[in-house]
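> got a predicted structure plus its sequence, pasted below:
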Amino acid sequence: MIAPTSEYALEVVNLKKAFGGLVVTQDISLAIRPGERRLIIGPNGAGKTTLFNQISGDMRPNSGQIKLSGADITRLAPYRRAHLGLSRTYQIITLFTGDTLEHNVTLGLLGLRPSRWQMWRPLSFYGDLANEARRVLDAVGLLHLAAHPVSDIAYGEKRRVELAMALAQKPRVLLLDEPLAGLSNTERSQVKSLIASIPRQTTVIMIEHDMDTALDLAETVTLLNYGRVIVDGDRDAVIADERTREVYLGV
């Protein structure tokens, strides 16, 4: 992990991404403080997930800069960013469905080890990581399912496994891409409680369409539209802003 060298946990400076002649993010700039709970909102196609993909390294911007605790990570590979304290979840759950919950989390932890993973070694060889995987599953209420394959558990439980994998990395900054999508009311309440319990050592940035739930978790809000920042600031001020009502709330 890198030592903090800035008052900001994450900075995005004039970020731009274009596909052919289509500009998806246009000169986006954000400054997010350590421990902050930031909500990114906007209509479909506003560029929210594209922004996350650029921050996480899954997509490279055409121009601009990304800093993690003051360190420039703009051109680093995703695994390098993970080593430096950046973790994320995805809109579409990315788990090994034929493997157990414990093995999924253990594999995620292996990616952070300085030594190279040897494929021929059984996961039991990495006993310390298996213990940590069980600890994290216990923290999200899934230890009793640790030996079950992912394919056997409910959708909401899969969301919790993905969150467990992200938290197991002890991230400095955590990106959550629609963590409540497709959940029942009960599942939504469970995942919301998990997000609310994340320690303040981790900065949380979330994309979410369930506004009522997401606003309970957010302190600051950024509204995107057509790849641009339209409104940015304190939660209540952004929601009360006329531009938010016009762009996002449709009134």
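Looks like it came in fine. All figures in this text were calculated on a predicted structure; none of them were measured in a lab.

> which stretches of the stretch 1-150 of the chain form strands?
10-19, 22-32, 37-41, 63-68, 71-72, 86-88 (DSSP state E, counting those that start in this stretch).

> now those as CSV including mean neighbour count, mean pLDDT and distance to Thr100?
Where you see a C-beta, it was placed from the backbone N, CA and C, and this is true even at glycine. Formatted as CSV, the strands of the stretch 1-150 of the chain follow (neighbours: other C-beta atoms under 10 Å; pLDDT from 0 to 100; distance: least, C-beta to C-beta, whole Å):
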stretch, mean neighbour count, mean pLDDT, distance to Thr100
strand 10-19, 18, 93, 33
strand 22-32, 17, 92, 35
strand 37-41, 24, 95, 32
strand 63-68, 18, 96, 32
strand 71-72, 14, 95, 36
strand 86-88, 24, 95, 21
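
> dump those strands to a markdown table, plus distance to Val150.
Shown next, in a markdown table, are the strands of the stretch 1-150 of the chain (distance: least, C-beta to C-beta, whole Å):
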| stretch | distance to Val150 |
| --- | --- |
| strand 10-19 | 30 |
| strand 22-32 | 32 |
| strand 37-41 | 28 |
| strand 63-68 | 30 |
| strand 71-72 | 34 |
| strand 86-88 | 19 |
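
> so which of those strands comes closest to Leu167?
Across those, Leu167 has its closest neighbour in strand 86-88 (7.7 Å, C-beta to C-beta).

> where do the helices sit along the stretch 51-200 of the chain?
Using DSSP state H, counting those that start in this stretch, the helices of the stretch 51-200 of the chain run over 78-83, 101-110, 127-139, 155-168, 185-196.

> give me the pLDDT for Gly42.
Listed pLDDT for Gly42 reads 90.

> tell me the secondary structure at the closest residue in space to it that isn't next to it in sequence.
Nearest residue to Gly42 in three dimensions, chain neighbours excluded: Leu224, at 3.8 Å (C-beta to C-beta, 6 or more residues apart in numbering). What DSSP: H, G, I helix; E, B strand; the rest coil gives for Leu224 is strand.

> if I look at Leu224, how far off is Arg38?
The gap separating Leu224 from Arg38 is 12 Å, by C-beta to C-beta, to the nearest Å.

> on that earlier part again, now mean neighbour count and distance to Thr203 too, for the helices of the stretch 51-200 of the chain, in JSON lines please.
Formatted as JSON lines, the helices of the stretch 51-200 of the chain follow (neighbours: other C-beta atoms under 10 Å; distance: least, C-beta to C-beta, whole Å):
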{"stretch": "helix 78-83", "mean neighbour count": "16", "distance to Thr203": "14"}
{"stretch": "helix 101-110", "mean neighbour count": "22", "distance to Thr203": "20"}
{"stretch": "helix 127-139", "mean neighbour count": "17", "distance to Thr203": "19"}
{"stretch": "helix 155-168", "mean neighbour count": "22", "distance to Thr203": "13"}
{"stretch": "helix 185-196", "mean neighbour count": "16", "distance to Thr203": "13"}
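
> so can I have a markdown table of those showing distance to Gln26?
As requested, these are exported to a markdown table (distance: least, C-beta to C-beta, whole Å):
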| stretch | distance to Gln26 |
| --- | --- |
| helix 78-83 | 23 |
| helix 101-110 | 33 |
| helix 127-139 | 38 |
| helix 155-168 | 28 |
| helix 185-196 | 29 |
